[in-house]
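Q: turn this into a model:
(2 chains, ligands or ions: 4)
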Number of protein chains: 2
Amino acid sequence: LPYAIAAAEGRKVAVIMVGLPARGKSYIGRRVARYMGWRGYATMLFNVGNYRRQLYGAEQAYDFFSPTNEQAAAARLHCAEVALQDMLAWFQSEATIKIGVFDATNSSRKRRAWIKTKCEEAGVSVLFLESVCTDNAIIESNVRATKLKSPDYANRDPEDAVVDFRKRIAEYEKVYETVGEAEEQALSYIQLINAGRRTVVNNVFGYTRSIIVSFLLNLRLRQRPIYLSRHGQSEYNAVERIGGDSALTPKGIEYAKLLSKYVQEVIIPENPGQSLQVWTSTLRRTKQTAEYIGREFQEWRALDEIEAGEMNGMTYEEIKEKYPKDYEERKKSKLTYRYPRGESYQDLILRLDPVVLELERGGDSPVLIIAHQGVCRVILAYFAEKSQVECPRLEVPLHNVIKLIPNAYGCDVEVNPLGENLCDVQSH
Amino acid sequence: LPYAIAAAEGRKVAVIMVGLPARGKSYIGRRVARYMGWRGYATMLFNVGNYRRQLYGAEQAYDFFSPTNEQAAAARLHCAEVALQDMLAWFQSEATIKIGVFDATNSSRKRRAWIKTKCEEAGVSVLFLESVCTDNAIIESNVRATKLKSPDYANRDPEDAVVDFRKRIAEYEKVYETVGEAEEQALSYIQLINAGRRTVVNNVFGYTRSIIVSFLLNLRLRQRPIYLSRHGQSEYNAVERIGGDSALTPKGIEYAKLLSKYVQEVIIPENPGQSLQVWTSTLRRTKQTAEYIGREFQEWRALDEIEAGEMNGMTYEEIKEKYPKDYEERKKSKLTYRYPRGESYQDLILRLDPVVLELERGGDSPVLIIAHQGVCRVILAYFAEKSQVECPRLEVPLHNVIKLIPNAYGCDVEVNPLGENLCDVQSH
Ligand SMILES: Nc1ncnc2c1ncn2[C@@H]1O[C@H](COP(=O)(O)OP(=O)(O)OP(=O)(O)O)[C@@H](O)[C@H]1O
Ligand SMILES: Nc1ncnc2c1ncn2[C@@H]1O[C@H](COP(=O)(O)OP(=O)(O)OP(=O)(O)O)[C@@H](O)[C@H]1O
Ligand SMILES: [Mg+2]
Ligand SMILES: [Mg+2]
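A: Ligands and ions are numbered 1, 2, ... in the order given. Coordinates of the predicted model:
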């Protein structure tokens, strides 16, 4: 992480969500946490709704959310207090750079002022992140897509649940104050209005915050399906050499044909009416794998395999022999180990950042990425919410397609082997 | 440029500046053009003020800008028409991806609607970019810093000129309508409010526009001084080999000491009260050069030299012999030529994008960058507004410090040789 972070802007940032129910606060908050976690920040989400369900039970009807129901209001305030306490305790625990996301409606200026004071007293700076949505079609679709599955409505008739949830929204609307008016004009905040149609960025400075803004500007209402594959077996794979720019083996070509068939028989039918994009690296083995699909594909240098520098073209056995110290170091810390004149996994994460933003930005159309083990691990780590430390050891075997299928808050991961037993090369 | 550009968003974007006089429209417009040009877009700026000066003479007093002065208003409209015609003709001329910047106050909705219609009829999509500034201190300082030097006031007493310019602003204020109200709500526009304190992004989608937004979010009122140096002579330089990770020669060490002296005797005194940042690449020769300065420095992998791939460690003579075709290709098209398994200058530009944004974002504190020939060329090309084609041939000799000193609209470039005749290695 650049030096800039050490500066005045603070090493502890609380992102305070704001918005009426069903405005995508949890969706956005989780995405910010996922992205910043992938970028190497320690992140944690504190969802006040989960505290409510734990402390007062799920299945509360809409009048629990009425501002005039004093007893319930006290209960809800108590949930916020406990959640905030937990967040501030988490911020104290270690010295790393941290982003906490405080996920609740936080719908009144008074509540926000209280949160800000509490955070600042604890040495945590705040960034408010409001989602405003006036498009009824979006709200209605959000309610049906996510709220019916919420534990709050586990045993309710769906139509009943929708009616109750609409009433819950109405209760919040009675006291809702949008961010940035009156005494809030100098706050550091971001407003997302109608799912990306309009964005307001107010008093947002510093490196960490500017990363969050860039991410949010690329975030869309829905994520697209992504199909992740390594190239078919290459000549270097077959002799267990790393790096290089070798061609496919006959087995690799067989995989390329199976992948082409998979595109026709699975990917296209799964995404009716959408046009598939195919992305490869600039290396021969991925382009050769893509050729059999018979569509135009986009070469990205950013998708090239982790650069092994001086070790390029060697086997792991040779590395162990000739560079025993490097071999041990890499084993100990695969994330930060940088090949001499080459890259580390951390370097790779930074290099893949534009790819991840483009995947977020691109809207609905599905993408098939044909890349390399290290690259696939880093992309998978992002979508599957794996930590940086786990990333270099994720399983991404040859001759499999990893499907990343979006769901309401993230995505499901499915691994599909094509032509099993085509080969088994060890992962490193 | 990524495929995404080919999509519906259009390959011709007109950025229409909006704002009262002295709001930084020309500053911002020129920066956008410079940045997008560096990124590889064909860009051109059309400043209506220049048309006015050419067609009706400079030195017009404030009442020329009064909305009730019908004759002058007709003259000013005529300038806008001619400038717009020129811009639309420029858009037609070639098939590349183009960004035109239309720099004028464009202060009424009627004027903007007219521009939009004209552009769209010509197949050009529009993005409005308004600078709003309510901070009188900024406006006053802008007037004094830039308007007094304008040809409009070439022969005027400064205090007189300031008074006249304030009156000119007042004339525009009479008819000024901010972007985005009434029928303009669905426009694609960006509003920069009080120099970065608040930014509104409305209906801005697509790859090209999102690059412009990211850039603007990093743009500051003032640019910082930048000192650019290559490392001291390395062992590979001495034998004319490219790439590698060699150490400094005795001459290189001598330069490192001279550079350290230059920091103490020139850079520090030139920037009183500021703390200097020193950035290097991750390669030995830049870090060794920085060590003599005796300050902490920041290593950036993005500052590493252009990767020569398979040619790494060779001399140009050897390349010419062993890879005559590559040698010729590179000579013919140094910008796009990519070393086998290495990089092209175009790759380098993309890699250096985060560095350039960080240089823009960082505020006032000066930076000394110790890097490599290719890297320095790319950074210099950005600040000195050189085209992508010129970039790979810019002169950046060893043992010189290139000063980039900000002025009102860009920066001055000054080359300072340290310890002349320390060595002369040929550039490639
Ligand atoms: N910017 C946005 N505006 C509106 N809806 C969005 C936005 N981004 C994502 N969504 C949608 O919001 C839905 C998820 O709603 P979510 O549960 O996150 O709302 P919430 O604001 O957390 O509601 P609650 O207050 O009940 O917790 C998803 O279906 C997602 O597509
Ligand atoms: N966002 C901004 N808001 C206000 N001033 C700015 C902004 N960005 C840069 N500036 C300052 O504006 C000054 C340059 O003013 P500039 O000539 O660009 O104004 P202008 O709007 O083009 O005026 P005119 O209408 O007379 O052409 C520079 O000193 C620069 O520091
Ligand atoms: Mg929620
Ligand atoms: Mg101007």
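Q: buried sites along the one helix or strand A:Lys257 maps to?
A: Element membership for A:Lys257 (DSSP states H and E) is helix A:250-262. Residues of helix A:250-262 classed as buried: A:Lys251, A:Gly252, A:Ile253, A:Glu254, A:Tyr255, A:Ala256, A:Leu258, A:Leu259, A:Ser260, A:Tyr262 (neighbour count, 16 or more other CB atoms under 10 Å in any protein chain shown). All C-beta spots, glycine's among them, are computed from the backbone N, C-alpha and C.
Q: surely the third one and A:His231 touch.
A: This means A:Ile253. No: with contacts counted by CB atoms under 8 Å, A:Ile253 stays clear of A:His231, the gap being 10.6 Å.
Q: quick revisit: nearest to ligand 1 among the buried residues of helix A:250-262?
A: A:Tyr262 (27.9 Å; CB to the nearest ligand atom).
Q: right, and that closest one touches A:Lys403 too?
A: No: the pair A:Tyr262 / A:Lys403 is not scored as a contact, 10.3 Å apart, by CB under 8 Å.
Q: show me whatever sits in contact with both of these two.
A: Jointly contacting A:Tyr262 and A:Lys403 under the rule CB atoms under 8 Å, 6 or more residues apart in numbering or on different chains are A:Asn416.
Q: quick one: A:Tyr176 is in a strand?
A: No: counting by DSSP: H, G, I helix; E, B strand; the rest coil, A:Tyr176 is not part of a strand but coil.
Q: for A:Pro67, see how far away it is.
A: Distance of A:Tyr176 to A:Pro67, computed by CB to CB, to the nearest Å: 10 Å.
Q: which part of chain A gets nearest to ligand 3, residue-wise?
A: A:Ser26 (3.2 Å; CB to the ion).
Q: contact partners for that residue?
A: A:Met17, A:Asn47, A:Gly49, A:Asp103, A:Tyr409.
Q: ok, now A:Val389?
A: Here A:Val389 is in contact with A:Leu335 (CB under 8 Å, 6+ apart).
Q: over to it: give its phi and psi.
A: A:Val389 adopts backbone torsions of phi -70, psi -40, taken as degrees, to the nearest 10.
Q: buried stuff in stretch A:388-396?
A: Buried residues in stretch A:388-396 (16+ other CB under 10 Å): A:Gln388, A:Cys391, A:Pro392, A:Leu394, A:Val396.
Q: what sits closest to A:Leu84 if chain neighbours are left out?
A: Ranked by CB to CB, 6 or more residues apart in numbering or on different chains and with sequence neighbours excluded, the top spatial neighbour of A:Leu84 is A:Lys118, at 5.9 Å.
Q: what of A:Leu187?
A: A:Phe128 (5.9 Å).
Q: may I have the secondary structure class of that neighbour?
A: strand.
Q: which residues are common contacts for A:Ile253 and A:His231?
A: In contact with both A:Ile253 and A:His231: A:Gln288, using CB under 8 Å, 6+ apart.
Q: point out the residues in chain A that sit beside ligand 3.
A: Residues of chain A found near ligand 3 (CB under 5 Å from the ion) are A:Lys25, A:Ser26.
Q: which parts of chain A are strands?
A: In chain A, the strands defined using DSSP state E lie at A:12-18, A:42-47, A:98-103, A:125-132, A:189-193, A:198-202, A:226-230, A:277-280, A:298-299, A:367-371, A:400-406, A:411-417.
Q: of all those strands, which one comes closest to B:Val200?
A: strand A:198-202 (5.2 Å; CB to CB).
Q: surely A:Lys147 is in contact with A:Asp164?
A: No: with contact defined as CB under 8 Å, A:Lys147 does not count as touching A:Asp164 (9.2 Å).
Q: follow-up on the earlier one: just the closest of the contacts of A:Ser26 to ligand 1, please.
A: Distances from ligand 1 to these, taken by CB to the nearest ligand atom, are shortest for A:Gly49, at 5.4 Å.
Q: from the stretch 51-200 of chain A, which residue is nearest to ligand 4?
A: Counting by CB to the ion, the stretch 51-200 of chain A gets nearest ligand 4 through A:Val200, at 25.9 Å.
Q: the helices in the stretch 1-150 of chain A, which residues?
A: A:25-38, A:48-56, A:70-93, A:109-121, A:136-146 (DSSP state H, counting those that start in this stretch).
Q: out of those helices, which one sits most buried?
A: helix A:25-38 (a mean of 22; mean count of other CB atoms under 10 Å in any protein chain shown).
Q: relative to strand A:12-18, how tilted is it?
A: 160 degrees (axes from the mean of the first three to the mean of the last three CA atoms, to 10 degrees).
Q: chain center to helix A:25-38, what's the gap?
A: From the chain centre to the centre of helix A:25-38 is a distance of 6 Å (CA atoms, centre = their mean, to the nearest Å).
Q: mutual contacts of A:Lys147 and A:Asp164, please.
A: A:Tyr153.
Q: which bits of the stretch 101-250 of chain A sit near ligand 1?
A: Of all the residues in the stretch 101-250 of chain A, those in contact range of ligand 1 (CB under 6 Å from any ligand atom) are A:Thr105, A:Ser131, A:Cys133, A:Ile138, A:Asn142, A:Ala145, A:Thr146, A:Leu192, A:Ala195, A:Leu221, A:Arg222.
Q: and the least confident of the residues you listed?
A: By pLDDT, A:Arg222 ranks lowest within these, coming in at 84.
Q: quick check: it touching A:Pro406?
A: Yes: using CB under 8 Å, A:Arg222 is in contact with A:Pro406, at 6.4 Å.
Q: okay, the two: which has more neighbours?
A: Each of A:Arg222 and A:Pro406 has its neighbours counted (other CB atoms under 10 Å in any protein chain shown); A:Pro406 has more, 15 against 11.
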